[in-house]
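Visitor: Sequence and predicted structure, then a few things I'm wondering about:
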Amino acid sequence: MLVLSASRILRRRLGPQQAPAHPSSTHPWARRCPGASIVGTTRQQARREGYLEEFLRFWQANADTRLIWVSMYTPQRGEVSAERLTAADRRRVIEELRRLRGVTPKLGVTEAALRVYAKPPASPAECTFARTTECVSADLERRIVPCQFGGDPDCANCGCLASAGLEAIARHRLPGGIRVGRIFEASLRAGRAVGRLRKAG
């Protein structure tokens, strides 16, 4: 897996207690685990004409690449930076990904995930991914809260690939109109109830 990301910028801006748990740049294990390429899109990349198509076509032609994943830079609340995408930038990236799905079969993004990028969960408390994962620092000594980004993430501008994917599943409606998310909620409540009983016992 090759990880190409702008998350190292967040690592510089956050304190050590809230440093992101995920890899921040190309990592040595990437060369040993081929199969997926990930790009974290920043404002500079979004505004460079043809950047996404160039990136996707390059990795589409790579025989060792099975999937290409695209995330967007997730800022902290109140952050002012050169990397932060504007609302117009986000719309441009989403529309470009929608167009490029037809010409890059290895692009691993569904229409449902693109809709989540357009309207992400409002907070970690509403985010399926944040609620179903436990993130720790690279030294395994600190919990990263409220999600893998740490600090005070601006959820309205979330570009997390995993969050978009799981939220797309949660918003999916089964035959009969029941959202998958409702089943998840019921499971979560049952788990909390069992946890309370175990503590009481």
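Guide: All right, it came through fine. Computed from a predicted model, the values in this text were never measured in an experiment.
Visitor: Would you map the helices across this structure?
Guide: Counting by DSSP state H, the chain has helices at residues 7-13, 28-32, 43-46, 51-60, 87-100, 111-118, 128-132, 161-171, 180-200.
Visitor: quick one: which of those is nearest residue 152?
Guide: helix 7-13 (11.3 Å; C-beta to C-beta). C-betas here are computed from N, CA, C, even on glycine.
Visitor: pretty sure residue 159 contacts residue 72?
Guide: Yes - if you go by C-beta atoms under 8 Å, residue 159 and residue 72 touch, sitting 2.5 Å apart.
Visitor: Now the common contact residues for these two.
Guide: By C-beta atoms under 8 Å, 6 or more residues apart in numbering, residue 159 and residue 72 have these common neighbours: 40, 41, 85, 90, 117.
Visitor: Chain neighbours aside, what residue packs nearest to the fourth one?
Guide: Meaning residue 90. residue 72 (6.6 Å; C-beta to C-beta, 6 or more residues apart in numbering).
Visitor: in the sheet, who's paired with that neighbour?
Guide: residue 41 (DSSP bridges).
Visitor: quick one on the thing from earlier: among residue 159 and residue 72, which residue is more densely surrounded?
Guide: Under the criterion of other C-beta atoms under 10 Å, the comparison of residue 159 against residue 72 puts residue 72 first, with 28 against 21.
Visitor: give me the low-pLDDT residue ranges for this structure?
Guide: 1-38 (pLDDT under 70).
Visitor: I'd like to know how many residues surround the nearest residue to residue 184 once chain neighbours are set aside.
Guide: For residue 184, ignoring the flanking residues on the chain, the nearest one in space by C-beta to C-beta, 6+ apart is residue 170 at 5.9 Å. Counted by other C-beta under 10 Å, the residues lying close to residue 170 total 22.
Visitor: for residue 170, what are its contacts?
Guide: Contacts for residue 170 (C-beta under 8 Å, 6+ apart) come out as 128, 179, 180, 181, 184.
Visitor: okay if I get these as CSV plus neighbour count?
Guide: Shown next, in CSV, are the contacts of residue 170 (neighbours: other C-beta atoms under 10 Å):
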residue, neighbour count
128, 24
179, 14
180, 16
181, 17
184, 16
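Visitor: Show me the two of those that sit farthest apart.
Guide: Longest distance between any two of the contacts of residue 170 is 11.1 Å, between 128 and 179; criterion C-beta to C-beta.
Visitor: measure the most centrally placed residue in the chain to residue 121 for me?
Guide: By C-alpha atoms, centre = their mean, the chain has its centre lying nearest to residue 160, at 1.7 Å. Note on residue 160: its distance to residue 121, by C-beta to C-beta, to the nearest Å, is 10 Å.
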